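Q: for reference, the sequence and a predicted model appear below.
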Amino acid sequence: MINIGIIGCGRIAQVRHIPEYAANPDCELKGFYDLDKTRAEEMAAKYGGRVYDTAQDLIADPAIDAVSVCTANASHAEMTVKALKAGKHVLCEKPMAATLEECEEMVKTAEDCGKFLMIGQNQRLAASHVHAKKMIREGKVGRVLTFRTTFGHSGPENWSITPGNGTWFFDKSRAVIGAMADLGIHKTDLIQFLLGENVVKTTAKVFTADKKGPDGAPIGVDDNAVCIFEMEGGAVGTMTASWTYYGAEDNSTVIYGSEGEIRIYDDPDHTLVLKRRGEAPVYFDEEGIQTNENQTKSGVIDMWIESLKENKEPALSGESVLSAMRAVFASLESAEEGKTVEIPENRRKEKQ
């Protein structure tokens, strides 16, 4: 039995991590910590386990085997590194950390300590994304030429554990980055997963279009990001992340190839559509993508526990996410400096 500690009992912990741990027969929720002790007490009362006065107390407890870090972005690296050094395996929520240097430190610390580090990039596990990747590898659409991938909704103030414009997502000191980190990392990681290639160039516009804080002034982080990505194999496409889609949520990806296209979570009636030149469309109906209103099982926790049981590195390892985080930080640099930014570290000789 794997004993789990939760650091941060906000919304993502309450709707994803904690209930998915509770449903897994191979682990047990042993402890909770949150800056707001009441939240931790509520989770302990519902699921069992104890409440810790500090995160360090939880991390230091030898009864805890692994932790989920579900805190605000700015503290991801600190909590992760401390837990790894204390001998815990760590599942950290996305975005991995607030700087690339912190991301690299997390990966190195895990390696040095002989512990696993996994990042909650759950979009790689969605059924239609897995299926689409297989079709792309099989050449169903020929050579990938262009793409568009989008994640947009009405904003975290409608979903956060503290709803309204006082949410920590709008506080630069805690969030550091806005929609680009919250949603953009998902789609950046996803397009690399689908194509089996890294982003090697980015030209980005990252800006605040509409969101305002409690004082009525524009929030200190971005609420929109639009990036043009160039991949290792030469395909060029767009990645859009937005907190200002005030209609329907959009979590779609379209791959355009030399022999056809694949539409993923784009068609209102089918989760996946393959359209090849001169052929009738082929429709697939698999599990729908998660939305803020429809929180289905992510698969992240089950993968994490299986990795710990079998003592094998998880597919969503910290190291595997570094290339996507490089693309995120390069996009922020591109937006700030108004130029295309190359990412030489992301170039590899062979596809994944």
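A: Everything's here; your move. Residues are numbered from 1 along each chain as shown.
Q: quick one: residues contacting E78.
A: When the contact criterion is CB atoms under 8 Å, 6 or more residues apart in numbering, E78 has no partners at all. Using the backbone N, CA and C atoms, a C-beta is placed for each residue, glycine as well.
Q: in what helix or strand does it lie?
A: helix 76-85 (DSSP states H and E).
Q: how distant is that helix from the center of its chain?
A: 18 Å (CA atoms, centre = their mean, to the nearest Å).
Q: could you point out which element follows that helix?
A: The helix or strand immediately downstream of helix 76-85 is strand 89-92, counting by DSSP H and E.
Q: quick one: strands adjacent to that following strand?
A: According to DSSP bridges, strand 89-92 forms sheet pairs with strand 66-69 (parallel), strand 117-119 (parallel).
Q: for K275, find the nearest of these.
A: Using CB to CB as the measure, strand 117-119 is the one of the strands paired with strand 89-92 that comes nearest K275, at 32.8 Å.
Q: downstream of that closest one, the next helix or strand is which one?
A: Trace forward from strand 117-119 with DSSP H and E and the next one is helix 127-137.
Q: quick one: name whatever helix or strand follows that following helix.
A: Using DSSP H and E, the helix or strand that follows helix 127-137 in sequence is strand 144-152.
Q: domains for this protein, by residue range?
A: Domain ranges of the chain: 2-119, 124-346, per automatic domain parsing.
Q: what about the last one, average pLDDT?
A: If you average the pLDDT over domain 124-346, you get 95.
Q: same check on the first one?
A: Regarding domain 2-119, the rounded mean pLDDT is 97.
Q: start to end distance for that domain?
A: One end of domain 2-119 sits 18 Å from the other (CA to CA, to the nearest Å).
Q: what does the last one give?
A: End-to-end distance for domain 124-346: 19 Å, by CA to CA.
Q: coming back round to it: go through the domains of the chain and pick out the most buried.
A: Counting by mean count of other CB atoms under 10 Å, domain 2-119 has the highest mean neighbour count of these, with a mean of 20.
Q: wait, isn't S298 in contact with I12?
A: No. At 10.0 Å, S298 does not count as touching I12 under the criterion of CB atoms under 8 Å.
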